[in-house]
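Student: generate coordinates for the sequence data below:
(one chain, ligands or ions: 1)
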Amino acid sequence: MEEENLIERLRKGEKIICDVCKKHYYDVSYENREISNYFHCEDPNCKGYVHIQKSIIVE
Ligand SMILES: [Zn+2]
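Tutor: Coordinates of the predicted model:
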């Protein structure tokens, strides 16, 4: 899945341009970014973000 791929790259600290504003990058400056499932755009006025849900299979 595309978003999962993006998250992997963001976790490694890669600068990826926001898909919403196409001007700013997703914020990769936080401490726990390696385990984060959520990254938002650096621009506080932009609503862009990438998020993945951990796939937990409940039977
Ligand atoms: Zn943005």
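
Student: give the bridge partners for the residue positioned nearest the centre of the chain, please.
Tutor: Nearest residue to the geometric centre of the chain (CA atoms, centre = their mean): Phe39, 3.1 Å. The residues listed as beta-bridge partners of Phe39 by DSSP bridges are Val50.

Student: quick one: low-confidence ranges for this protein?
Tutor: Counting by pLDDT under 70, the chain shows low-confidence ranges at 1, 55-59.

Student: what helix or strand does Lys22 sit in?
Tutor: Following DSSP states H and E, there is no helix or strand that holds Lys22.

Student: quick check: the residue nearest to the centre of the chain vs the ion, distance?
Tutor: Remark: distance between Phe39 and the ion (CB to the ion, to the nearest Å) = 11 Å. (Glycine included, C-beta is placed from N, CA and C.)

Student: enumerate every residue touching that residue.
Tutor: Residues counted as contacts of Phe39 (CB atoms under 8 Å, 6 or more residues apart in numbering) are 7, 10, 26-28, 33, 49-51.

Student: buried ones among those?
Tutor: Buried members of the contacts of Phe39, counted by 16 or more other CB atoms under 10 Å: 7, 10, 26-28, 33, 50.

Student: wait, which of these is closest to Cys18?
Tutor: The shortest gap between Cys18 and any of the buried ones among the contacts of Phe39 belongs to Tyr26, at 5.9 Å (CB to CB).
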